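*Asks:* 3D, please:
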Amino acid sequence: MSMSLVFQQRMQELYQNFIKFDALQTDRIQRYRNIEPDSALFLAMQIRIQQSQSILEIGTSTGYSTLWLADAAQETQGHVTTLEIDQFRTTQAKQYAQELALDHVIDFWVGDAQNFLENSANHYDFILLDAERDAYVDYWIFLQKMIHPQGGVLIVDNVISHAVEVKKFIELVEGDERFISMTLSIGAGLFMICYK
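*Replies:* Numbering: from 1, shown residues only. Next comes the predicted model:
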């Protein structure tokens with residue numbers, strides 16, 4: 001059954017809980033910093049439209065976006081691999097995935113995303129990049145090889161809200177003639193990249 005009312009209601013509850021938690025944190029790193037609901041819905045629709053099979057998320061946090069990706073992946077018979085450096089957050093995300101019976105379509109990988117990217121030879125139909133923004137420039141050398149040349153897409157979150165922090169990364173992508181890209185003013189700003 002596609003995107004049930006139960007799923008939508010639970011996601012709304014989780015988002016409210018995460019927002020409340022973030023409001024109480026003085027240290028940015030302690031915040032969950034989950035993706036906005038509009039962005040999450042857009043990503044879930046994009047996976048359905050593309051009929052994405054292999055999905056990679058860089059930055060699980062507490063799994064809010066992961067659950068949206070997994071719900072869509074369940075529809076396309078796809079699979080989500082999600083990367084997170086923080087074991088505690090991954091444990092939280094796993095619990096939500098089990099609760100919503102989505103854990104069978106998700107692989108949770110704990111560690112530094114750089115290590116995963118350096119050692120991955122896979123192509124992905126859909127990649128969401130929503131991690132520590134100062135690492136994006138270093139990630140690009142690996143990510144560009146991981147975007148599936150036939151219809152794969154890389155989507156980067158927070159490109160309007162944190163424009164200064166992603167400026168170098170965006171310039172790098174825009175300077176690469178093999179790719180086309182654009183910024184969508186959805187949520188905190190999504191930057192979409194695909195091969196020409």
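
*Asks:* Which neighbouring elements make contact with the worst-scoring helix or strand of the chain on mean pLDDT?
*Replies:* Using mean pLDDT, DSSP states H and E, helix 5-23 stands out as the lowest-scoring helix or strand of the chain, at a mean of 83. For helix 5-23, the helices and strands in contact under the criterion 3 or more C-beta pairs under 8 Å, 6 or more residues apart in numbering; DSSP states H and E are helix 37-50, helix 64-76. To be clear about C-beta, it is placed using only N, CA and C from the backbone, and glycine gets the same treatment.

*Asks:* Out of the ones you listed, flag the one nearest Phe88.
*Replies:* With C-beta to C-beta, the closest approach to Phe88 among the helices and strands packed on helix 5-23 belongs to helix 64-76: 15.0 Å.

*Asks:* C-terminal to that closest one, which secondary structure element comes first?
*Replies:* Remark: after helix 64-76, the chain's next helix or strand is strand 79-84, criterion DSSP states H and E.

*Asks:* In contact with the residue nearest the centre of the chain, which residues are there?
*Replies:* Closest to where the C-alpha atoms of the chain average out (C-alpha atoms, centre = their mean) is Leu128, at 3.3 Å. In this structure, Leu128 makes contact with 43, 55-59, 65, 69, 155, 157, judged by C-beta atoms under 8 Å, 6 or more residues apart in numbering.

*Asks:* run the last query once more with 6 Å
*Replies:* Residues in contact with Leu128, defined by C-beta atoms under 6 Å, 6 or more residues apart in numbering, are 57, 155.

*Asks:* next one: Ala23
*Replies:* So, once contact is read as C-beta under 6 Å, 6+ apart, Ala23 ends up touching nothing.

*Asks:* For Glu13, see how far away it is.
*Replies:* Applying C-beta to C-beta, to the nearest Å, the value for Ala23 to Glu13 is 16 Å.

*Asks:* Next: Asp134.
*Replies:* Asp134 is 32 Å from Glu13, by C-beta to C-beta.

*Asks:* hmm, back to that, check the offset of the least confident helix or strand of the chain from the chain's centre.
*Replies:* The gap between where helix 5-23 is centred and where its chain is centred comes out at 17 Å by C-alpha atoms, centre = their mean, to the nearest Å.

*Asks:* tell me the pLDDT at Thr81?
*Replies:* Reading off the confidence values, Thr81 has pLDDT 98.

*Asks:* who does it bridge with?
*Replies:* Leu56, Asp107 (DSSP bridges).

*Asks:* just checking, it touches Leu56?
*Replies:* Yes - with contact defined as C-beta atoms under 6 Å, Thr81 counts as touching Leu56 (5.2 Å).

*Asks:* Show me which parts of stretch 42-62 are buried, residue by residue.
*Replies:* 42-44, 46-48, 50, 52, 54-62 (16 or more other C-beta atoms under 10 Å).

*Asks:* first to last residue in that stretch, what's the distance?
*Replies:* Terminal residues of stretch 42-62 lie 19 Å apart, using C-alpha to C-alpha, to the nearest Å.
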